[in-house]
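K.L.:
give me the fold of what follows.
(one chain, ligands or ions: 2)
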Amino acid sequence: MSQRNQTLGEFIIENQASFKYTSGELSRLINSIRLAAKVVNHEVNKAGLVDILGAAGDTNIQGEDQQKLDVYANEKFIQTMTNRNIVCGIASEEEDDFITINSQDENHQNKYVVLIDPLDGSSNIDVNVSVGTIFSVFRRVTPVGSPVQMEDFLQKGINQVAAGYIIYGTSTMLVYTTGDGVNGFTLNPAIGSYYLSHPNMQFPEDGRIYSVNEGNYIHFPQGIKDYIKYCQKEEGDRPYTSRYIGSLVSDFHRNMIKGGIYMYPKSSKASNGKLRLLYECNPMAFLAEQANGKASDGFNRILEIEPTELHQRVPFICGSKNMVEKAEEFMRNSQ
Ligand code: AHM
Ligand code: MG
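P.N.:
Ligands and ions are numbered 1, 2, ... in the order given. Prediction:
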């Protein structure tokens with residue numbers, strides 16, 4: 001049920017009972033993400049003003065330069081969730097290993113682990129283009145009270161209990177699901193509250209936007225090349241429109257509202273593509289399915305992929321159902 005002027009805080013309280021585990025722990029977790037997001041938002045918004053731009057000099061596990069804001073966002077999200085003592089473990093795209101929380105305290109009862117990409121698309125910061133935070137939440141599989149283990153994080157996406165993103169765009173939004181549809185909240189920066197602005201978000205079944213880094217075309221598998229040519233062909237409602245921001249959260253968000261497909265396929269240079277299963281693809285796939293969309297690696301449902309390592313990459317095709325199915329058809333036919 002959506003109400004006029006309903007805040008995220010009110011929405012969380014009102015909907016807590018509909019969540020099947022209802023201990024209030026997940027609500028507190030979403031609350032802490034909302035809080036950290038406000039702090040990060042403040043910093044992202046003044047990125048052009050202060051000397052926080054540029055590479056921090058560190059290199060993350062994927063061998064990429066870290067921007068300073070990546071480091072900042074990583075610290076803020078980890079700090080907020082750790083200080084409030086509401087999760088038992090965190091894995092971040094910016095950290096080599098997962099973080100165990102409260103392992104010294106035998107009485108800690110926290111059940112959830114969070115996987116997070118604190119600032120996705122950060123190469124866009126220097127040019128004032130939208131970036132995002134992506135998060136994914138699982139119930140731990142090892143016994144409550146013991147230190148978390150790798151298996152708590154290496155779960156299939158289908159086991160997610162919540163997922164979402166924050167988009168730091170022309171306005172800042174928090175979009176999330178706890179498995180009962182997708183809702184979007186817009187931050188009113190004057191008051192510091194998020195308001196329910198996009199209740200029950202849904203991908204249109206069909207769309208006319210395709211989002212892919214076409215500069216890599218020559219390296220793409222034949223099925224993807226064929227699908228791109230299909231998108232460009234003059235027939236029916238085609239050619240489609242090409243839109244690629246290079247910021248997954250922003251491309252996904254636009255496609256969910258307008259109808260479209262996002263693709264980061266494997267290539268002859270990167271055999272599993274670029275995006276990470278646990279920090280990027282699983283949460284976006286959960287959101288997509290909850291919003292009547294679809295997410296695939298070209299052949300398999302993303303949410304059913306068995307993860308084998310924290311920083312694993314997978315090819316990613318996601319968006320309006322009929323468009324993703326068409327792309328899969330081209331993949332199959334090219335085999
Ligand atoms: P990042 O986690 O290093 O920011 O990389 C993820 C980003 C996505 O947001 C975006 O869709 C993609 O990388 C763009 O990659 P490319 O520049 O290769 O097209
Ligand atoms: Mg990322």
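K.L.:
which pLDDT value belongs to residue 3?
P.N.:
Listed pLDDT for residue 3 reads 56.
K.L.:
over to the one 4 residues further on?
P.N.:
pLDDT, the model's per-residue confidence, is 93 for residue 7.
K.L.:
that one pairs with what?
P.N.:
Note on residue 7: beta-bridge partners by DSSP bridges are residue 195.
K.L.:
tell me the contacts of it?
P.N.:
Going by CB atoms under 8 Å, 6 or more residues apart in numbering, residue 7 touches 185, 193, 194, 195, 196. Glycine gets a C-beta too; all of them are placed from N, C-alpha and C.
K.L.:
by neighbours, which of those residues wins?
P.N.:
residue 185 (26 neighbours; other CB atoms under 10 Å).
K.L.:
next, that one: secondary structure please.
P.N.:
At residue 185 the chain is in strand, as set by DSSP: H, G, I helix; E, B strand; the rest coil.
K.L.:
ok so, going back, can you redo the contacts of residue 7 as CSV with distance to ligand 1 and pLDDT?
P.N.:
Below are the contacts of residue 7 laid out as CSV (distance: CB to the nearest ligand atom, whole Å; pLDDT from 0 to 100):
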residue, distance to ligand 1, pLDDT
185, 21, 96
193, 27, 93
194, 22, 95
195, 26, 96
196, 26, 97
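K.L.:
in a markdown table: those, plus distance to residue 268.
P.N.:
Formatted as a markdown table, the contacts of residue 7 follow (distance: CB to CB, whole Å):
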| residue | distance to residue 268 |
| --- | --- |
| 185 | 41 |
| 193 | 48 |
| 194 | 43 |
| 195 | 46 |
| 196 | 45 |
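K.L.:
confirm for me that residue 211 is in contact with residue 259.
P.N.:
No: here residue 211 lies out of contact with residue 259, judged by CB atoms under 8 Å, at a distance of 11.6 Å.
K.L.:
before we move on, the earlier item: between the contacts of residue 7, which is closest to residue 101?
P.N.:
Taking CB to CB as the measure, residue 101 sits nearest to residue 194 out of those, at 25.5 Å.
K.L.:
for that closest one, give me its contacts.
P.N.:
Contacts of residue 194 by CB under 8 Å, 6+ apart are 7, 8, 34, 173, 174, 185, 186, 187, 188.
K.L.:
by mean pLDDT, flag the weakest helix or strand of the chain.
P.N.:
Least confident helix or strand, the chain: strand 65-67 with a mean of 59, by mean pLDDT, DSSP states H and E.
K.L.:
follow-up on the earlier one: what is in contact with residue 211 and residue 259 at once?
P.N.:
residue 319.
K.L.:
the more surrounded of those two?
P.N.:
A count of neighbours by other CB under 10 Å puts residue 211 above the other of residue 211 and residue 259, at 24 against 21.
K.L.:
report the beta-bridge partners for that one.
P.N.:
With DSSP bridges as the rule, residue 211 is bridged to residue 262.
K.L.:
can you tell me the element the residue nearest the centre of the chain falls in?
P.N.:
The centroid of the chain falls nearest to residue 134 when counting by CA atoms, centre = their mean (3.5 Å). Residue 134 is part of strand 131-139 when elements are defined by DSSP states H and E.
K.L.:
for ligand 1, see how far away the closest residue to ligand 2 within the chain is.
P.N.:
Closest to ligand 2 within the chain is residue 120: 3.7 Å, counting by CB to the ion. Going from residue 120 to ligand 1 by CB to the nearest ligand atom, to the nearest Å gives 5 Å.
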